[in-house]
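Engineer: Let me see the structure of the following:
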Amino acid sequence: MSEPAGPRRGRGTMAGRVALLTTAVAAVAVLIAGAVSYGFVRDAAEGEARKSLARQADVVAEGGGVRDGGRLAAGRLLRTLDRQGIVVVRIGRTGEVRATDPAAAAASRRYAGSLRGGDDVSAATTVDGETYLVEGRPLPSGGAVLLVQRRDDSRALGRQLVGRTVLALIIGLAVAALAGWWLARRLSRPLHRTATAAHALAGGARQVRVPEDGPAEVADVAASLNALAAALELSEGRQRAFLLSVSHELRTPLTAVKGYAESLADGVTSGEEVRGVGGTMLAEADRLDRLVSDLLDLARLGAQDFRIDVAEIDLAPPAEAAAMHIEPES
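Structural biologist: Numbering: from 1, shown residues only. Modelled structure (predicted):
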């Protein structure tokens, strides 16, 4: 009894394995891409934060955030800077530092000399274990203005970019998994059809044919299965024809033996005719024996001990026997 079509127990399907493999490859690629891009995104975000802080310092120094008497305008720019965690520090003409945040004031004092000398300041400094980005610009009226921002606050953009990058990688992984599943199903479908056809062929069906599509290897398997089905169909057709021929050959001597036996049983043949009838029946029995021997030899045809005996045969007796069978009765 043939096994039913379908995956064997304890074994995964080809589609499942291909989908799992593609998902694993995509996951590894996502992890590598995430690990490599994290540093780049973080550095790029910090660089962009420095540039943004420098541009804002230029705007403040040019008058966008400072006016009469050096007082800071409590306007839109100040509120924007405050939301970003940026502290504006004012250094007067005599070097006094005006800031509401002690850490920002401490960071600014380190660059007061450079700013009073007319130099721009763009640096990172550490105060009480905390790193600050500092952008300072001298003012035309004397003194200077500095923008101070904690590095962690400046990395907020970087964290947003990293989050978006991670989201994009996750979406890419999901798309890769779906694509792998679809590809696996597409690749395994021809093999599944071929396996189903093979089980039908094992069950006795001989008209089974499989479309020879899909990858080259799968198409070769389908072509081989189709060739096997055609060969089995041809072989079984020859076998049926052979059995019909054998049955006919066996029926001929059996008919003769049966006819003569009935004539003897009914008393139709008697006297001198009995000897001839007995000889004919013996000859037909010998013929049956030869046919059976030939069938046995044919069954052993593929064996290594099959033997062929070559001998001369006188065709006259078989011809006379055949003529006697077809001779019309008087």
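
Engineer: Report pLDDT for Thr269.
Structural biologist: You'll see Thr269 listed with a pLDDT of 69.

Engineer: Which stretches in the protein count as helices?
Structural biologist: 14-59, 76-83, 102-109, 112-116, 151-154, 156-202, 216-266, 273-299, 316-326 (DSSP state H).

Engineer: Pick the most buried one from those.
Structural biologist: helix 102-109 (a mean of 20; mean count of other C-beta atoms under 10 Å). Backbone N, C-alpha and C define where each C-beta goes, glycine included.

Engineer: May I have that one exported as PDB, CA atoms only?
Structural biologist: Taking Å, rounded to 0.1, in the frame of the first residue of the first chain, the C-alpha atoms of helix 102-109 are listed here in PDB:
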ATOM      1  CA  PRO A 102      25.200  77.000  36.800                       C
ATOM      2  CA  ALA A 103      26.600  74.200  34.600                       C
ATOM      3  CA  ALA A 104      26.200  76.400  31.400                       C
ATOM      4  CA  ALA A 105      27.800  79.300  33.200                       C
ATOM      5  CA  ALA A 106      30.800  77.100  34.200                       C
ATOM      6  CA  ALA A 107      31.200  75.900  30.700                       C
ATOM      7  CA  SER A 108      31.000  79.400  29.300                       C
ATOM      8  CA  ARG A 109      33.700  80.800  31.600                       C
END
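
Engineer: From the chain's centroid, how far away is it?
Structural biologist: Offset of helix 102-109 from its chain centre (C-alpha atoms, centre = their mean, to the nearest Å): 60 Å.

Engineer: try stretch 109-116
Structural biologist: That offset, for stretch 109-116, works out to 64 Å (C-alpha atoms, centre = their mean).

Engineer: where does this structure have low pLDDT?
Structural biologist: 1-14, 63-77, 156-158, 269, 301-308, 325, 327-330 (pLDDT under 70).

Engineer: can I see the domain layout of it?
Structural biologist: What automatic domain parsing lists as the domains of the chain is 13-202, 216-304+314-326.

Engineer: Out of the helices of the chain, which is closest to Glu130?
Structural biologist: For Glu130, the closest of the helices of the chain is helix 102-109, at 6.6 Å, according to C-beta to C-beta.

Engineer: what does that closest one rub up against?
Structural biologist: Contacts to helix 102-109, defined as C-beta atoms under 8 Å, 6 or more residues apart in numbering, come from residues 87, 89, 91, 97, 99, 125, 127-128, 130, 132, 134, 136, 146, 148.

Engineer: and if you look at stretch 243-255?
Structural biologist: So stretch 243-255 is contacted by 284-285, 287-288, 291, 295 (C-beta under 8 Å, 6+ apart).

Engineer: List just the nearest of these to Ala222.
Structural biologist: For those, the nearest to Ala222 is Leu295 (37.9 Å; C-beta to C-beta).

Engineer: Gly92 and Ala112 touch, don't they?
Structural biologist: No: using C-beta atoms under 8 Å, Gly92 makes no contact with Ala112, being 9.7 Å away.

Engineer: can the helices of the chain go into CSV with extra columns for distance to Ser141?
Structural biologist: What follows is these, written out as CSV (distance: least, C-beta to C-beta, whole Å):
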stretch, distance to Ser141
helix 14-59, 16
helix 76-83, 18
helix 102-109, 18
helix 112-116, 13
helix 151-154, 29
helix 156-202, 33
helix 216-266, 82
helix 273-299, 120
helix 316-326, 140
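
Engineer: who wins for proximity to Arg209 among these?
Structural biologist: Taking C-beta to C-beta, helix 216-266 is the member of those nearest to Arg209, at 5.4 Å.

Engineer: who touches Ile326 in this structure?
Structural biologist: Neighbours of Ile326 in contact, by C-beta under 8 Å, 6+ apart: none.
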